[in-house]
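**Q** Quick one: sequence plus predicted model below, questions after.
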Amino acid sequence: MRAALGEIVTRQVRAGAAVPARTCYGTDTALAVVDAAERLRLPVVLLVAPSSAAAATGPKLIRMLRHIADDAAVEVCVQLDHAKDEALIRRGIEAGADSVLADGSHLPPAANAGFVRKVREFAAPLGVMVEAELGSVPGAEDRATAQGADTAGKTDPATVRPFLAASGAQLLACGAGNVHGRYRGVPALDWRLLAAVRDQAGPVPLVLHGASGLPEADLRAAPAAGIGKVNLNTELRTAMLLTIDREIAGCRRPARTC
């Protein structure tokens, strides 16, 4: 069943947990993610990458994910991820996205807040929840390139409260040593920084991007640090591509019919 992201995250945070969010490039991935969520009886977020949303078939993909969410036996939300321009966000909302990440992290804080505020003005009346990112998380969401922890952008806790007040963001993605893609070396989250950001964010839940490759202990500790949603992509992409390679290699054997 489709559900509002804010309700899911709020309830999970109160229970000391975080909502997993998985990037889905097609219905095959989405069906597998929802099947896993149903087996565990847990809510899940189906993420749509900006490249997928911007493609000619983007609106169709979002509509198909909505249908999968409607038919699910658990709560499912469809979110447009890392959208950096208003036109793409409007397109995603019109197609049926339940939530959007209005990503102005590449802008100065004031411009970032203004961008998010503008999105909130037209998204809120439609019941669409708006996430923002403050302090850039490096790496590419659609490419599993290796990033060192030394390249990770970090959120300045002193900017959090004024940014939230100016932007009206309902979820806040922050940088604390996390990166998109694969980690080069051993990842090391800055827990002290996360605690400071959480204190400044008040009731606004935090979002951890670049969770693929983090130790399981970090993921288990994340909710206590104020993390209400955890985004993963690289691990799922890697597993899917490895499976495809293995199946293709098997099809090349003369004794097998594909």
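**A** Everything's here; your move. Numbers count the residues shown, from 1 in each chain.

**Q** Could you identify the helix or strand that succeeds the lowest-mean-pLDDT helix or strand in the chain?
**A** Within the chain, no helix or strand scores below strand 146-148, which has a mean of 45 by mean pLDDT, DSSP states H and E. In the C-terminal direction, the helix or strand that comes right after strand 146-148 (DSSP states H and E) is helix 157-167.

**Q** How far does that next one sit from its chain's centre?
**A** 20 Å (CA atoms, centre = their mean, to the nearest Å).

**Q** How about stretch 204-218?
**A** With CA atoms, centre = their mean, you get 10 Å for stretch 204-218.

**Q** end-to-end on that stretch?
**A** End-to-end distance of stretch 204-218: 21 Å, with CA to CA, to the nearest Å as the criterion.

**Q** Please enumerate the helices of the stretch 1-150 of the chain.
**A** Secondary structure of the stretch 1-150 of the chain (DSSP state H, counting those that start in this stretch): helices at 5-14, 27-40, 50-54, 58-71, 86-95, 109-123.

**Q** Can you show me the CA trace of the shortest one as CSV?
**A** Pointing back at helix 50-54 there. C-alpha atoms of helix 50-54 as CSV (Å, rounded to 0.1, in the frame of the first residue of the first chain):
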residue,chain,number,x,y,z
PRO,A,50,17.3,11.8,-11.6
SER,A,51,18.7,10.2,-14.8
SER,A,52,15.7,7.8,-14.9
ALA,A,53,13.2,10.5,-14.2
ALA,A,54,14.7,12.8,-16.9
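
**Q** buried sites along that helix?
**A** Under the neighbour-count criterion of 16 or more other CB atoms under 10 Å, helix 50-54 has 50, 52-53 buried. C-beta here means a position set from N, CA and C on the backbone, and glycine is covered the same way.

**Q** if you go through the stretch 151-258 of the chain in chain order, where are the strands?
**A** With strands called from DSSP state E, counting those that start in this stretch, the stretch 151-258 of the chain shows them at 171-174, 182-184, 206-208, 227-232.

**Q** what about the nearest residue to Glu94 once chain neighbours are set aside, neighbour count?
**A** The spatially closest residue to Glu94, leaving aside those adjacent along the chain, is Pro59, at 7.2 Å (CB to CB, 6 or more residues apart in numbering). By other CB atoms under 10 Å, the residues close to Pro59 number 16.

**Q** Let me see the contact set for Pro59.
**A** 53, 91-92, 94-95 (CB atoms under 8 Å, 6 or more residues apart in numbering).

**Q** In the residues you listed, find the pair that's most separated.
**A** For the contacts of Pro59, with distances taken as CB to CB, the pair at the greatest spread is Ala53 and Glu94 (11.1 Å).

**Q** hmm, back to that, could you dump the buried residues of helix 50-54 to a markdown table with distance to Ala69?
**A** Output for these, formatted as a markdown table (distance: CB to CB, whole Å):
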| residue | distance to Ala69 |
| --- | --- |
| Pro50 | 20 |
| Ser52 | 16 |
| Ala53 | 16 |
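
**Q** Pick the one among those closest to Ala110.
**A** Closest to Ala110, out of all of those and judged by CB to CB, is Pro50, at 23.0 Å.

**Q** Now for the residue nearest to Ala21 when sequence neighbours are not counted: which residues touch it?
**A** Nearest non-adjacent residue to Ala21, counting by CB to CB, 6+ apart: Val45, 3.7 Å away. Taking CB under 8 Å, 6+ apart as the contact definition, Val45 lies against 5, 8, 19-22, 76-79, 99, 229.
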